[in-house]
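Q: Quick one, structure for this:
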Amino acid sequence: MAIALLGFQTTIAAPLTLTGIGVHSGREVSITLQPAEAGTGIVFVRQHDDGSTSEYRAVSAHVGNTDLCTVLGTNPARSVATIEHVMAAFYALGLDNVVVEVDGAEMPIMDGSSEVFIDAIEQVGITNLGVKRRYIRVTKPVRIEAGASWSEFRPYDGTRFEVEIDFDSKLIGRQTWEGDLTAETFKAELSRARTFGFMRDVERLWAAGFALGSSLENSVVISDDDTVINVEGLRYDKDEFVRHKTLDAVGDLALAGAQFIGCYRSYRGGHKMNANALKALLSDPTAYEVVEAPSRSHQVRAREFVPVQVSEFAPWSA
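A: Sure, this is the predicted structure:
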């Protein structure tokens with residue numbers, strides 16, 4: 001049976017504010033999510049100490065550094081970093097239009113997952129805006145490779161992720177998560193998976209000015225003897241690692257600027273591979289089509305969406 005997808009654009013029902021620590025800066029940062037009109041998209045507005053602001057639409061064209069996290073903007077003094085966990089929450093809950101006001105250089109890491117963002121959004125609620133949502137439907141395979149790593153989009157009658165990781169670690173090793181993405185699946189199987197790292201990498205990251213806010217409260221930390229340091233252990237038995245990598249992929253692909261209909265597969269991927277695969281897809285007009293619901297229906301099966309003519313403005317461009 002074809003998966004039913006939402007036919008209309010949405011926004012949050014009321015503003016909400018969250019405060020936490022930036023995982024790389026180690027500084028306290030606050031964000032306020034504001035409702036937005038149909039067609040706005042997801043917009044990040046960084047507020048600077050001098051009263052000025054930097055504004056970025058959350059689209060592939062604005063992605064800068066992807067080494068340790070996903071960053072919007074190329075100037076570190078004005079960019080917004082670590083957006084992937086909140087973007088994953090937006091995507092999974094079907095949020096199309098939100099303005100994210102942030103008073104620092106990166107999003108708060110919270111507990112290292114998307115759970116806090118999911119809970120906060122569900123507390124204020126989601127509003128249907130009554131305007132048709134457009135999707136990017138994959139029409140042919142698009143694949144990129146980098147050494148032993150690869151990522152690809154394939155046509156699929158729904159939205160699906162198949163993510164495999166392979167670490168030189170007995171604790172992690174080779175793990176796979178596969179599933180059709182729905183709000184319910186994301187909340188139950190992915191949303192609580194935390195970012196993770198190895199103790200052996202900590203001093204190098206600190207010396208480079210990264211991970212200054214990382215702690216056992218927001219990261220799964222793996223010791224030199226290949227065990228989990230966190231007292232509470234893992235949230236998902238053994239495979240929290242691949243679940244978090246899938247969460248990251250959901251957030252990174254949300255930068256298409258529109259939900260997609262297709263299957264995303266990756267092996268030994270990460271933020272850079274996710275970003276490059278998305279750019280490869282969107283740079284090939286023969287690999288996708290823009291579709292919307294054929295009628296004013298709340299839920300529409302994936303195969304029933306129909307192609308539409310795209311104007312000069314496309315939802316995934318700057």
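Q: Residue 19: helix or strand, and which one exactly?
A: Assigned by DSSP states H and E, residue 19 belongs to strand 16-21.
Q: Check which element follows that strand along the chain.
A: strand 28-35.
Q: List the strands paired with the next helix or strand after that following strand, with their directions.
A: Next helix or strand after strand 28-35 toward the C-terminus (DSSP H and E): strand 42-47. Take DSSP bridges as the rule and strand 42-47 pairs in its sheet with strand 53-57 (antiparallel), strand 98-102 (parallel).
Q: Check the closest residue to residue 92 other than its chain neighbours and give its pLDDT.
A: Counting by Cβ to Cβ, 6 or more residues apart in numbering, residue 186 is the residue found nearest to residue 92 once chain neighbours are left out, at 3.6 Å. Using the backbone N, CA and C atoms, a C-beta is placed for each residue, glycine as well. Looking at residue 186, its pLDDT stands at 98.
Q: For residue 160, name its beta-bridge partners.
A: residue 180, residue 263.
Q: that older thread, ok so the residue nearest to residue 92 is a strand residue?
A: No - residue state for residue 186 (DSSP: H, G, I helix; E, B strand; the rest coil) corresponds to helix; a strand is not indicated.
Q: residues contacting the residue nearest to residue 18 when sequence neighbours are not counted?
A: Distance criterion Cβ to Cβ, 6+ apart; nearest residue to residue 18, sequence neighbours excluded, is residue 31 at 5.5 Å. When contacts are counted by Cβ atoms under 8 Å, 6 or more residues apart in numbering, residue 31 touches 17, 18, 19, 86, 100, 101, 102, 103, 107, 108.
Q: Report the buried members of these.
A: 18, 86, 100, 101, 102, 103, 107, 108 (16 or more other Cβ atoms under 10 Å).
Q: For these, which two are the farthest from each other?
A: Within the buried ones among the contacts of residue 31, two members stand farthest from each other by Cβ to Cβ: 86 and 103, at 14.8 Å.
Q: now the helices for the stretch 51-200 of the chain?
A: 84-93, 115-124, 183-189 (DSSP state H, counting those that start in this stretch).
Q: deepest of the ones you listed, which one?
A: helix 84-93 (a mean of 26; mean count of other Cβ atoms under 10 Å).
Q: and the residue of the chain positioned farthest from its centre, how far is that from residue 206?
A: Farthest-out residue of the chain from its mean C-alpha position, per Cα atoms, centre = their mean: residue 225, at 31.2 Å. Applying Cβ to Cβ, to the nearest Å, the value for residue 225 to residue 206 is 21 Å.
Q: Also residue 89?
A: For residue 89, the distance to residue 206 (Cβ to Cβ) stands at 28 Å.
Q: again with residue 161
A: 32 Å.
Q: More neighbours: those two, which one.
A: residue 161 (22 against 13; other Cβ atoms under 10 Å).
Q: ok, now which ones touch the more buried one?
A: 177, 178, 179, 181, 246, 249, 250, 263, 264, 265.
Q: From those, keep the buried residues only.
A: With neighbours counted using 16+ other Cβ under 10 Å, these contain these buried positions: 177, 181, 246, 249, 250, 263, 264, 265.
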